[in-house]
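J.: could you work out the structure for the sequence below:
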Amino acid sequence: IDIKGGFYDGKVVDAEMVKQLADTPSKEDSIGRLLGSLQSGLYNLAYALQAIVDRGDMAKPADDAAPAAEAPAAE
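T.: A predicted model of the protein is given here:
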């Protein structure tokens, strides 16, 4: 089938615009992709935070850390 043009939103469009519209994902597909991207980012954040908790870095201070030296008093 050879498409010469069409109507979109009450306007005449050329064949190139018809092809672009045909390749555009549906609203539902776009929403699904967006939510999948957001979920993936949140999953990675939760995974990283869980790794920190599992290592115990945030649960206790380092025992071998020397106390900070005080600056000499100015006379």
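J.: show me where pLDDT drops low in this protein?
T.: 57-75 (pLDDT under 70).
J.: which helix is the longest one in it?
T.: helix 27-55 (DSSP state H).
J.: show me what counts as buried in that helix.
T.: Neighbour-count burial for helix 27-55, counted by 16 or more other CB atoms under 10 Å, picks out no residue. In this view, the C-beta of every residue, glycine as well, is placed from N, C-alpha and C.
J.: for it, packing partners?
T.: If you count contacts as 3 or more CB pairs under 8 Å, 6 or more residues apart in numbering; DSSP states H and E, helix 27-55 packs onto no helix or strand.
J.: from the chain's centroid, how far away is that helix?
T.: Centre-to-centre, helix 27-55 and its host chain are 7 Å apart (CA atoms, centre = their mean, to the nearest Å).
J.: use 2 as the first number from now on
T.: That works, and once the first residue is 2, the last one we named lands at helix 28-56.
J.: distance check, residue 28 against residue 34.
T.: 11 Å (CB to CB, to the nearest Å).
J.: what kind of secondary structure is residue 14 in?
T.: strand (DSSP: H, G, I helix; E, B strand; the rest coil).
J.: am I right that residue 7 falls within a strand?
T.: Yes - under three-state DSSP, residue 7 sits within a strand.
J.: who's in contact with it?
T.: Listed by CB atoms under 8 Å, 6 or more residues apart in numbering, the contact partners of residue 7 are 13-14, 18-19.
J.: I am finished for the moment; much appreciated.
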